[in-house]
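>>> kindly generate the corresponding structure for this input.
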Amino acid sequence: MTGHALLIGNGTYTDPTLRRLRSPAQDVDALGAVLGDPDVGDYSVRTLVDTTAAELASATRDFFADREPGDVLVLYFSGHGVKDAAGELFLGATDTRLDDLDAGAVSTDELNRWIAACRSRHILLILDCCYSGAFPRGMVAKADPSVRLQERFGRGRGLAILTASTAVEYAFEGGEVRDGDPDTDRGSVFTAALIEALDTGAADDDFDQRITLDELYYYVFERVRVQRPDQTPCWWLLGGQDFFVVARRRPGTTARRPVRTEPAPPHPLAPRRAAA
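Sure, this is the predicted structure:
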């Protein structure tokens, strides 16, 4: 099993209505370091910062092409998420124009097609942007019922989606909304929790040396909600079960999940899993 990660951070924009973001570049570097660590993720990592829409589309399309079923793929995006009048989510690039998203941003329709054509049975999509929860909602709604996802991915395998927020929420960097104060030097609240979970091994609840998707999600959920009660990380599984190993706990680490400050959220798998 071979792990590959494509980490994209877009923080600079030519459209003056899209504010500059400080965290994407540093988030990509920090997450790339932990995912590439042989003791944690051992992924082959490629990072891209401040890409145009054409570069973003080309890199993402190529990332999912020519893969093997046993490959583990992680695609991470940090930047502006913008919805059009119909509610579809677009991933922002340096040349994104709000008055012409089709020409200057990557739509989730395009991303859906590239993922659906990929042979890998272990795909993790991580979106750290405003309205990121709109992506899986659209993917489920547009899924062709004639395509049996369980057969496409196999038992216990499939596409996992981890988002920084719901379809109607903002994502935050530091104490500011992601399209807020450009002078903040604090990283994304969501990605900081993600890195902490992997780097310290604190998400490994059962101490089996593996960090599974459900362990990772609940750790990140709790950490984000403590800092930002108005931001709700979400996760979905399409065509698989919830046993999805993302990384390993680094040998020698003993960190544990902090004591819960609030009840765990309802498990989102049942209401949000695509029909087989």
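
>>> ok, the closest residue to residue 91 other than its chain neighbours - contacts?
Leaving aside its chain neighbours, residue 91 sits nearest to residue 106 (4.5 Å; criterion: CB to CB, 6 or more residues apart in numbering). Heads up, the C-betas are built off the backbone N, CA and C, glycines and all. By CB atoms under 8 Å, 6 or more residues apart in numbering, residue 106 lies in contact with 53, 56, 57, 60, 90, 91, 93.

>>> turn these into a markdown table, including pLDDT, secondary structure and neighbour count.
Listed next are the contacts of residue 106 as a markdown table, based on pLDDT from 0 to 100; DSSP: H, G, I helix; E, B strand; the rest coil; neighbours: other CB atoms under 10 Å:
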| residue | pLDDT | secondary structure | neighbour count |
| --- | --- | --- | --- |
| 53 | 96 | helix | 22 |
| 56 | 96 | helix | 25 |
| 57 | 96 | helix | 19 |
| 60 | 97 | helix | 22 |
| 90 | 89 | strand | 27 |
| 91 | 91 | strand | 29 |
| 93 | 95 | coil | 26 |
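
>>> how about the residue nearest to residue 91, secondary structure?
Put simply, residue 106 is strand when judged by DSSP: H, G, I helix; E, B strand; the rest coil.

>>> ok, it to residue 49 distance?
16 Å (CB to CB, to the nearest Å).

>>> and what of residue 252?
32 Å.

>>> between these two, which one's more packed in?
In terms of neighbours (other CB atoms under 10 Å), residue 49 is the more surrounded of residue 252 and residue 49; the figures are 18 against 7.

>>> that one contacts residue 9, correct?
Yes - if you go by CB atoms under 8 Å, residue 49 and residue 9 touch, sitting 5.1 Å apart.

>>> intersection of neighbour lists for those two?
The contact lists of residue 49 and residue 9 share 24, 25, 28, where a contact means CB under 8 Å, 6+ apart.

>>> where's the last one relative to residue 208, distance?
So the one you mean is residue 28. 29 Å.

>>> looking at the two, which one has more neighbours?
Neighbour count, other CB under 10 Å: between residue 28 and residue 208, residue 28 has more, with 25 against 12.

>>> lovely, talk soon.
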